[in-house]
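J.: coordinates only, sequence not included:
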């Protein structure tokens, strides 16, 4: 699904040259659940931008489904991004004056052909994240965790091959974070390719594989023997709340 070969990213400002990514190479198979982890300043956000076709590398090759992104112009990148990649960010980026349904519909506005069944697609996406009863609620009527689930539904409505999530639990409490991680695990179990970018080791351990960045290079690339079970964490939290009451 994804192949990175010798990816470099360098920024030049006057006489100052900053090498952010240095020789990044790895492959991600379709259906893999991968966490890219690193402290602030290690290059993980830059790498996510390249994976999401929001930026292009200074050198190297990035192939998505066999297509080399480096050779595409801005219009082709935009079309591919809309068709193949779904984004979930730490900030929910929802339109505050419109409903969950209409927020989820937004990516389809930029699609080449607006589907006749777009409304049904939005409802199905919201049902997938457990918000079938909040379809006509506005963001200010939803909790932080519910808003992030709307953002996930929005990312899924185009049925992307890859879901990119950048610090998706960063603004959430523990329970809401566990709910979001449970959705990602369900999507992965259903065959979706999920790439999670985080600085939090506990969040990363929900994935099947962790790629650790340090100073713009891959310091570690390992399989997780027993990924954390978000569904079990939710159950434990519920039991704890019952005991507390």
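T.: It's in. Quick caveat: nothing in here was measured; it's all calculated off a predicted structure. Residues are numbered from 1 along each chain as shown.

J.: Okay, now the unreliable bits of the chain?
T.: Where the chain drops to pLDDT under 70, the residues are 239-245.

J.: hang on, isn't residue 176 packed against residue 147?
T.: No - the pair residue 176 and residue 147 does not pass the contact test of CB atoms under 8 Å, sitting 9.3 Å apart. C-beta coordinates here come from the backbone N, C-alpha and C atoms, glycine included.

J.: what about these two, which has more around it?
T.: Comparing residue 176 with residue 147 by other CB atoms under 10 Å, the one with more neighbours is residue 147, at 26 against 18.

J.: Would you check how far apart the more buried one and residue 173 are?
T.: 13 Å (CB to CB, to the nearest Å).

J.: With residue 194 instead?
T.: 22 Å.

J.: Give me the more crowded residue out of those two.
T.: Between residue 194 and residue 173, counted using other CB under 10 Å, the more crowded position is residue 194 (24 against 12).

J.: Shouldn't that one be within a helix?
T.: No - assigned with DSSP: H, G, I helix; E, B strand; the rest coil, residue 194 falls outside any helix and is strand.

J.: Mind listing the residues bridging to it?
T.: Beta-bridge pairing of residue 194 under DSSP bridges involves residue 33, residue 163.

J.: Please tell me how far it sits from residue 163.
T.: Note on residue 194: its distance to residue 163, by CB to CB, is 5 Å.

J.: Need the overlap of contacts for the two.
T.: Shared contacts of residue 194 and residue 163 (CB atoms under 8 Å, 6 or more residues apart in numbering): 184, 187.

J.: In contact with the most centrally placed residue in the chain, which residues?
T.: Nearest to the geometric centre of the chain sits residue 165, at 1.8 Å (CA atoms, centre = their mean). By CB under 8 Å, 6+ apart, residue 165 lies in contact with 87-89, 184, 194-197.

J.: Please apply the same query to residue 193.
T.: So residue 193 contacts 1-2, 28-33, 161-163 (CB under 8 Å, 6+ apart).

J.: Spatially nearest residue to it (excluding sequence neighbours)?
T.: Closest residue to residue 193 apart from its sequence neighbours, by CB to CB, 6 or more residues apart in numbering: residue 162 at 4.7 Å.

J.: go on, residue 17?
T.: For residue 17, the spatially nearest residue (CB to CB, 6+ apart) is residue 10, at 6.2 Å.
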